[in-house]
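> based on what follows, work out the 3D shape:
(one chain, ligands or ions: 2)
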Amino acid sequence: MNSATQARPSLVEMFSNRQSRMGIFFFLVMLSFHIGALQIFNFQWSWFAFGIFFISYVMKIVGVTMGYHRYFAHRSFKTSRFFQFIMALAGSSAIQGGVLWWAGHHRGHHHHSDEEEDLHSPVTHSIFHSHLGWMWARDCFKPIKYKLLDFARFPEIRFLNKNYVLLMIIQGLSFYLLGEYLGQAYPLLQTSGWQVFVWGFLFATVWTWHITFSINSICHLFGSKRYNSHDESRNNWLFAILAFGEGWHNNHHKYGWSARNGFFWWEWDPIYYMLKVLEKLGIVWDLRTPSPAQLVDINS
Ligand SMILES: [Zn+2]
Ligand SMILES: [Zn+2]
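Numbering: from 1, shown residues only. Ligands and ions are numbered 1, 2, ... in the order given. A predicted model of the protein is given here:
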């Protein structure tokens, strides 16, 4: 029975079921972050606050798109155990659940893209469900079908995967303490713990959420289709800019194993450019990319 045909559970059932409790927890965390992020309007605009936000946004989006997505979910390049850990840690900062959970769900998305089993398809569900609602539904917390056995063998990755709530608390505290320190050590910045907490932690997290969640929702509805990928994935230039190359989603669904999502010079893909630099430095290697013949083969 799929989620659309399930009877609505009673309140008692909801709280006695672990999967439902997880959905409620995710809902409350996300609601709190949204309310907290609105507090940016309580602080006077400053370039410093914007800079803290921007640095945090880059850390979160690179962690989740290079790390969680292109590396852990798709294995599109290779790296050392140390840098693998760094990517999992940076991805955790985006507060989108544990790395094994996230990447396992994402492998399921590619196996069943825009079919009934796809948990966040805007084609078989509503756009709201594909964007946010699926994370509050109990189906989201059922045992994952596409387990990441390839990465679950690393104890440090299992630790990060399990303790994502603890990491969230440490991150929030770190932003607050950084602001307190900078406010006292450099009074000209006119900052405080709360300012850095709100701009760097709450607002940057909410911003990054909606950018990355739009790949699931908007990029399966709006944009162009170059390839026959057997789903409704689209290339969307706006989200390619905002999500550092992830908006070339039809390209990605065609060749999910590729380390590059922008296939031509005009398709802006900063994550791939970063990977090329990291490759030159010897930090990553064996980047997998489609051949020129595959790129122009739009019907295979
Ligand atoms: Zn997709
Ligand atoms: Zn993917």
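
> mind listing what Phe201 touches?
Ser56, Gln171, Gly172, Phe175, Tyr176 (C-beta atoms under 8 Å, 6 or more residues apart in numbering). Where C-beta positions appear, they are placed from N, C-alpha and C, glycine not excepted.

> swap the cut-off to 10 Å and go again
33, 36-37, 52-53, 56, 93, 95, 168, 171-176, 178-179 (C-beta atoms under 10 Å, 6 or more residues apart in numbering).

> just those: which are in helices?
Counting by DSSP state H, the contacts of Phe201 place 33, 36-37, 52-53, 56, 168, 171-176, 178-179 in helices.

> if any of those are buried, give me the PyMOL selection for them.
The following PyMOL line selects those of the ones in helices among the contacts of Phe201 that are buried, judged by 16 or more other C-beta atoms under 10 Å:
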select buried, resi 33+36+37+52+53+56+168+171+172+175+176+178+179
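
> show me which of the ones in helices among the contacts of Phe201 is closest to His230.
Distance ranking of the ones in helices among the contacts of Phe201 against His230, using C-beta to C-beta, places Phe33 first at 35.2 Å.

> OK, contacts around the closest one?
Ile95, Met168, Gly172, Phe201, Leu202, Phe203, Thr205, Val206, Trp209.

> swap in 7 Å and give it another go.
Leu202, Thr205, Val206 (C-beta atoms under 7 Å, 6 or more residues apart in numbering).

> mind putting these into CSV with neighbour count and pLDDT?
Formatted as CSV, these follow (neighbours: other C-beta atoms under 10 Å; pLDDT from 0 to 100):
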residue, neighbour count, pLDDT
Leu202, 23, 97
Thr205, 25, 98
Val206, 19, 98
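
> between these, which is nearest Ser76?
Nearest to Ser76 out of the contacts of Phe33 is Thr205 (C-beta to C-beta; 25.4 Å).

> ok, the closest one - contacts?
Counting by C-beta under 7 Å, 6+ apart, Thr205 has contacts Phe33, Lys60, Ile95.

> mind checking which helix or strand it is in?
In the assignment (DSSP states H and E), Thr205 maps to helix 204-216.

> buried residues, that helix. List them.
Within helix 204-216, the residues scored as buried using 16+ other C-beta under 10 Å are Ala204, Thr205, Val206, Trp207, Thr208, Trp209, Ile211, Thr212, Phe213, Ser214, Ile215, Asn216.
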